[in-house]
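Asks: With the sequence up front, the predicted model follows.
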Amino acid sequence: MLSKQSNVFVSAFMIMLLLALSACGNGEAGNGNQSGNAGPETSGTPAQTETAAPAEEPKVEDEGTLTVYLNDFDALIPSLFEAATGYKVELVVGNGAEIMSRVEAEKGNPHWDVLWMDAMPSINGLGEAGQLMEGWAPDNLSGLTDFANSFVPEKNWYVPTGAHAAGVIVYNKDKVKAEDAPTSWEQFADAKYKDAIGMADPAIAAPAYPFVSWFFGEKGMEEGQTFFGGWMKNGLKVYPKNPNVVKSLSAGEITIAALQESNAYAMKNANEPIEIIWPEEGAPASVRVAAIQKDTKNPNAAKAFVEFLLDPATQQALIDQGDESYFQPSVKGVNAKPDRAANAKLVAAEASWASRNEAAIKQWFADQSVQ
C-alpha cells in the first residue's frame, strides 16, 4: 500500500500530465487551418482554391420580323438588307411628321424596332426620354468620318448614316439672272426678292426643321425669329414638303427657294431651268440617323440593320441607286455623287439644343402661317 505522501505525489503527477496533453491538443487544433485539416467550411490557401469560370450570357433570340420606320430609301432597303444579312424586314414609310407622330402614339407599346430618318433632333429627344437602346456601339463605328463622328451621342442612342443639305439656294435662271441671284441666306429678306421665295414647312417635312434650327441655334431664339420674320415680311411662301416647292418652282409661282439638295439636283438632272448655289456660310444639314428601340423584341436583327447601314457597300448603293442619293456619306471609302458640288459645305445645329427647342420653334412657324 502506498503511503499518504506517495498518493499526493502521484496525484500531482497525473494533473501535470493531463495539462500537458490538453495543451498539445489545443495546439493541433489551432494549427488546423494552416495544415489543411480544417473542416469543409474553412477555405484553403490561394493555391488550393479553384476559380469558377464566369457563366456565359444566354443568347437572346429574336421573336419576329424586324420592323423599321423610315422616310426614304424604302424601294432599296428590303432586298439589300436581306441579301447582306439574311434577315427579313418590314418597313413603315411616311414623312417626318407622320413617322414621329406614330412613334409618339405608340410610346407605351412601340411597334418599331429601328427608326431611321433624317431627323436627328427629334430622335435625340427620344433618347433623352429613355426610349432608345443605349450603350451598344456597332463594330464598324470606327469607320465614321470625322464629320459624322461629331454627331454620335455620348450614350450611343443613334448612329449617323449620312447628311445632306436640308436647303441649298435654287433659282430659276429663266426668271432670275445669275448676277441677280442671292448668294447668302441673309439676302432672302432683300426687297428685290419680294414674293419670290419658297421653302418647306419645318413642322411637316423631316429635313425642314434641321434647316431652320441651325439659324436659331446660331442666332438665338429672339434673333432667329427676327431673321425668319424678315423672310416672311418679304412674302416667303411655306409649302408642306420639298416636292411641293419643286412644283412651285417649275410652275413659276416662285423663282427662288431654299430646297433640299436631292430635289435640287433632281430638277437639274431633269433639265429644269434652275441653278444651285451653295452659300459660303454653309447649307444647314439634315443628318440621317438610325436608332434601336430600347425594348426591341428583335435585337439581333436590329443591330445587324445598323451595322448594315454603316457598311460602305450599303452607303455606296444608296448613292448609286437611291432616290435621295445626293448626300454626304458617314463612312470612309464611299464616293458622293460626282456632280455634287465640290464646295458643298454642311453645317448643323447641336442635336440636344435643337431637340429641346423643337416644339417652340415649330409652334412659332405655325403661328406665323396663321397670321
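Replies: Everything's here; your move. Numbers count the residues shown, from 1 in each chain.

Asks: Flag every buried residue along stretch 282-302.
Replies: Within stretch 282-302, the residues that qualify as buried are 282-293, 296-299, 301-302, counting by 16 or more other Cβ atoms under 10 Å. Quick note: C-beta positions are derived from backbone N, CA and C, even for glycine.

Asks: How about stretch 337-347?
Replies: Buried residues in stretch 337-347 (16+ other Cβ under 10 Å): 337, 340, 341, 344, 346.

Asks: go on, stretch 76-88?
Replies: Neighbour-count burial for stretch 76-88, counted by 16+ other Cβ under 10 Å, picks out 76, 77, 80, 81, 84, 85, 87.

Asks: how much space is there between the first one and residue 160?
Replies: To tie it back to what came earlier, the one meant is residue 76. In this view, residue 76 and residue 160 are 19 Å apart by Cβ to Cβ, to the nearest Å.

Asks: quick one, domains of this structure?
Replies: As recorded under automatic domain parsing, the domains making up the chain are 66-164+286-348, 168-284+365-370.

Asks: got these as TSV, with mean pLDDT columns?
Replies: Shown next, in TSV, are these (pLDDT from 0 to 100):
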stretch	mean pLDDT
domain 66-164+286-348	96
domain 168-284+365-370	95
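
Asks: among the ones you listed, which is nearest residue 356?
Replies: Among the domains of the chain, the nearest to residue 356 by Cβ to Cβ is domain 66-164+286-348 (7.9 Å).

Asks: Quick check: end-to-end length of the closest one?
Replies: 31 Å (Cα to Cα, to the nearest Å).

Asks: Tell me the gap between it and the middle of its chain.
Replies: Offset of domain 66-164+286-348 from its chain centre (Cα atoms, centre = their mean, to the nearest Å): 7 Å.

Asks: Report the contact partners of the residue nearest to residue 157 when sequence neighbours are not counted.
Replies: Spatially, and ignoring its direct neighbours in sequence, residue 157 is nearest to residue 127 (3.2 Å; Cβ to Cβ, 6 or more residues apart in numbering). Counting by Cβ atoms under 8 Å, 6 or more residues apart in numbering, residue 127 makes contact with 134, 153, 155, 157, 158, 291.

Asks: that's a helix at residue 127, yeah?
Replies: Yes. Under DSSP: H, G, I helix; E, B strand; the rest coil, residue 127 falls within a helix.

Asks: Roughly how far does it sit from residue 69?
Replies: In terms of Cβ to Cβ, residue 127 sits 15 Å off from residue 69.

Asks: Going by secondary structure, residue 359 is in what exactly?
Replies: helix 358-370 (DSSP states H and E).

Asks: where along the stretch 251-371 of the chain do the strands fall?
Replies: Assigned by DSSP state E, counting those that start in this stretch, the strands in the stretch 251-371 of the chain fall at 256-259, 274-277, 283-292, 328-329, 346-347.

Asks: whoops, the stretch 101-250 of the chain was the one
Replies: 114-117, 158-165, 168-172, 197-200, 237-239.

Asks: closest to residue 272 out of the ones you listed?
Replies: strand 168-172 (8.2 Å).

Asks: quick one: the closest one to strand 283-292, angle?
Replies: With axes from the mean of the first three to the mean of the last three Cα atoms, to 10 degrees applied, the angle from strand 168-172 to strand 283-292 works out at 120 degrees.

Asks: How about residue 278, nearest residue that isn't a chain neighbour?
Replies: What sits nearest to residue 278 in space, not counting adjacent residues and going by Cβ to Cβ, 6+ apart, is residue 341, at 5.2 Å.

Asks: next one: residue 352
Replies: Spatial nearest neighbour of residue 352, chain neighbours left out: residue 124 (6.0 Å); criterion: Cβ to Cβ, 6+ apart.

Asks: Repeat that for residue 88.
Replies: residue 65 (5.3 Å).

Asks: Please work out how many residues are found near that neighbour.
Replies: Residue 65 has 12 neighbours, counted by other Cβ atoms under 10 Å.
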